[in-house]
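Undergrad: prediction below, plus the sequence it came from.
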Amino acid sequence: MFSHFRNASHRLERTRRACRLERSRPGCHTVSEIRRYACEARAFQSIWLLAIAGLLAILTSCTTQQAQSETWDKHYIDPPRQKKIPASETTLRVCADPNNLPFSNQKGEGFENKIAELLAADMHRPVEYTWWAQRRGFFRNTLKDGKCDVVMGVPAAFEMAATTKSYYRSTYVFVTRKDRKLDIKSFDDPQLKTLKVGVQMVGDDGTNTPPVAALNNRGIVQNVKGYTLYGDYTKDSPPHEIIDAVANKDIDVALVWGPLAGYWAAKSKTPLTITPVAPQVDLPYLPFVYDISVGVRRGEDDLKSKIEDALARRQSDIDKILDSYHMPRPTEQAKEGV
C-alpha cells in the first residue's frame, strides 16, 4: 500500500515539474490529469493513514490488555498450601475438650475418651491427649496445627477434616419433666407456641442450632430462651445447664443434642423424658439427625484407613459404651431418665 501511495505522489510531482518547465509544449499534461494524479495520491494517503491508525489501535489494545493482565497477575494471590504434618505412627494423638461431659474430660470419663482408648488398644498404641476447649478456632489451633492427629465426635460431612465412616448416629430431642406429661414429639405440636422453650446456642454470638431455625420457621420466637453450649467454663461441664433448667421449671421443654440430653437426663434427680424430634428432616433441608465420625487431617489416608478398620472390628463394643451413656438413637422410642 505504501508503494502505491509513493508512486502516485511521484507521478504528481513529475507532472507539475514538467508543466512548469514546458508549459507550451504539446506533450505537457492537462490540468485534469494533474487533478487526477493529485486525487489518486490523496486517496492512497488517506488509506495509508487509516492503516496506520488501525495498527496503532491494535498496538494500544494489546498494550492495554498486557497491562491489565499484569495487573491481574499482580493482584492474584496463590492460596496457601497446608504444610504437611505427618501423623504419629506409634501413638494415637487426640485433641479433646477437658471439661465437656458426656463427650470428654481430663479425667477420661467421657464416652469419646472411652472410644479413643478402645481404638488405640486395637491399633496397639497408647493414647496421647492435647487438651483444648472446644471453642471457635478449635480445629485450626489443634488438628490443622499438628498438635494432634485425631478428633473424636466429628460430623460425617465436615469441611475442616477428613472423616471416617460414622460410628454412631444421634438426634436432637425434646426434654421435658416426666410429671408434666407434655408428650411433645413434633415441631408442629401446638403446645410449643405457648410453653417456655429452651434451645442451645453456639458461641458468644448466639449462632443458631437447627431446632432454633425450625422454631423460627413456625413463628415460635417470643417464648424461646437460649442457652449457650459454651456456658460458664469455671463450672463442671457447663453445657448441661439447659437440662437443669427443665428440672428446675425455669423452662417447660428443651431442644437438646441427643448425647448431651441422654447423659444428663439420666443423672437428674428429677425424672425427665427425652423424645427424638420429628420430623428427622425439616423441608426443604434442615436435618436434626447426624452421623458422627472420627476426624483426621486431610491427606492422612493411611491413618484414616487404620481407624476405620478398628471401628469396624470394635463396633459392638462401641455400641455398648454409647448405651451406657444413655445415647438416644433415631430409631429408638422416647426414653425416660432415671
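TA: Cool, got the structure. Residues are numbered from 1 along each chain as shown.

Undergrad: so Lys304 touches Ala162, yeah?
TA: Yes: if you go by C-beta atoms under 8 Å, Lys304 and Ala162 touch, sitting 5.8 Å apart. From N, CA and C alone the C-beta is placed, and that goes for glycine too.

Undergrad: between the two, which one's more packed in?
TA: Lys304 (23 against 18; other C-beta atoms under 10 Å).

Undergrad: contacting residues around the more buried one?
TA: Counting by C-beta atoms under 8 Å, 6 or more residues apart in numbering, Lys304 makes contact with Ala162, Thr164, Val296.

Undergrad: ok so, going back, what is in contact with Lys304 and Ala162 at once?
TA: Contacts common to Lys304 and Ala162, judged by C-beta under 8 Å, 6+ apart, are Val296.

Undergrad: which helix or which strand is home to Lys147?
TA: Of the helices and strands defined by DSSP states H and E, none includes Lys147.

Undergrad: begin at 51 from here
TA: Taking 51 as the first residue, the last one we looked at is Lys197.

Undergrad: how many other residues sit next to it?
TA: 14.

Undergrad: how about Pro148?
TA: When neighbours are counted by other C-beta under 10 Å, Pro148 comes out with 16.

Undergrad: ok, now how distant is it from Phe338?
TA: Using C-beta to C-beta, to the nearest Å, Pro148 is found at 28 Å from Phe338.

Undergrad: buried residues in stretch 171-181, which are they?
TA: Within stretch 171-181, the residues that count as buried by 16 or more other C-beta atoms under 10 Å are Asp172, Met173, Arg175, Val177, Tyr179, Thr180.

Undergrad: which one of these is nearest Pro380?
TA: Nearest to Pro380, judged by C-beta to C-beta, of the buried residues of stretch 171-181 is Asp172 at 26.8 Å.

Undergrad: how about the contacts made by the closest one?
TA: Per C-beta under 8 Å, 6+ apart, neighbours of Asp172: Ala360, Arg363, Arg364.

Undergrad: filter the residues you listed to the buried ones?
TA: Ala360, Arg364.

Undergrad: from the contacts of Asp172, which is closest to Pro288?
TA: Arg364 (30.8 Å).

Undergrad: just name the shakiest helix or strand of this protein by mean pLDDT.
TA: strand 385-386 (a mean of 43; mean pLDDT, DSSP states H and E).

Undergrad: quick one: Cys198 from Phe224, how far?
TA: 35 Å.

Undergrad: between those two, which one's more packed in?
TA: Phe224 (27 against 22).

Undergrad: buried residues in the helix or strand containing that one?
TA: Under the criterion of DSSP H and E, Phe224 resides in strand 218-227. For strand 218-227, the neighbour count (16+ other C-beta under 10 Å) marks Tyr218, Ser220, Thr221, Tyr222, Val223, Phe224, Val225, Thr226, Arg227 as buried.

Undergrad: name the nearest residue to the fourth one, sequence neighbours excluded.
TA: This means Tyr222. Phe338 (4.4 Å; C-beta to C-beta, 6 or more residues apart in numbering).

Undergrad: ok, that neighbour - contacts?
TA: Contacts of Phe338 (C-beta under 8 Å, 6+ apart): Thr221, Tyr222, Pro260, Pro261, Ala264, Val327, Pro329, Gln330, Val331, Asp332.

Undergrad: generate a ChimeraX selection restricted to the buried subset of these.
TA: In ChimeraX syntax, the buried subset of the contacts of Phe338 is picked out as below (16+ other C-beta under 10 Å):
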select :221,222,260,261,264,327,332
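
Undergrad: any chance of the contacts of Phe338 in CSV with distance to Val303 as columns?
TA: Below are the contacts of Phe338 laid out as CSV (distance: C-beta to C-beta, whole Å):
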residue, distance to Val303
Thr221, 16
Tyr222, 12
Pro260, 16
Pro261, 11
Ala264, 13
Val327, 11
Pro329, 17
Gln330, 18
Val331, 21
Asp332, 17
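
Undergrad: among the contacts of Phe338, which are in helices?
TA: Using DSSP state H, Pro260, Pro261, Ala264 are the members of the contacts of Phe338 that sit in helices.

Undergrad: nearest to Asp282 among those?
TA: Pro261 (22.2 Å).

Undergrad: for that closest one, give its distance to Arg230.
TA: Distance from Pro261 to Arg230, by C-beta to C-beta: 19 Å.

Undergrad: repeat for His174
TA: 51 Å.

Undergrad: what do you get for Ser318?
TA: 14 Å.

Undergrad: looking at these two, which one has more neighbours?
TA: More crowded of Ser318 and Arg230, by other C-beta under 10 Å: Ser318, with 19 against 15.

Undergrad: in stretch 270-285, what counts as buried?
TA: Ile270, Val274, Tyr277, Thr278, Leu279, Tyr280, Gly281.

Undergrad: give me the residues contacting stretch 277-297.
TA: By C-beta under 8 Å, 6+ apart, stretch 277-297 touches 149-152, 155, 183, 185, 225-227, 248-254, 256, 275, 300-304, 306, 310-311, 314-315, 318-320, 322.
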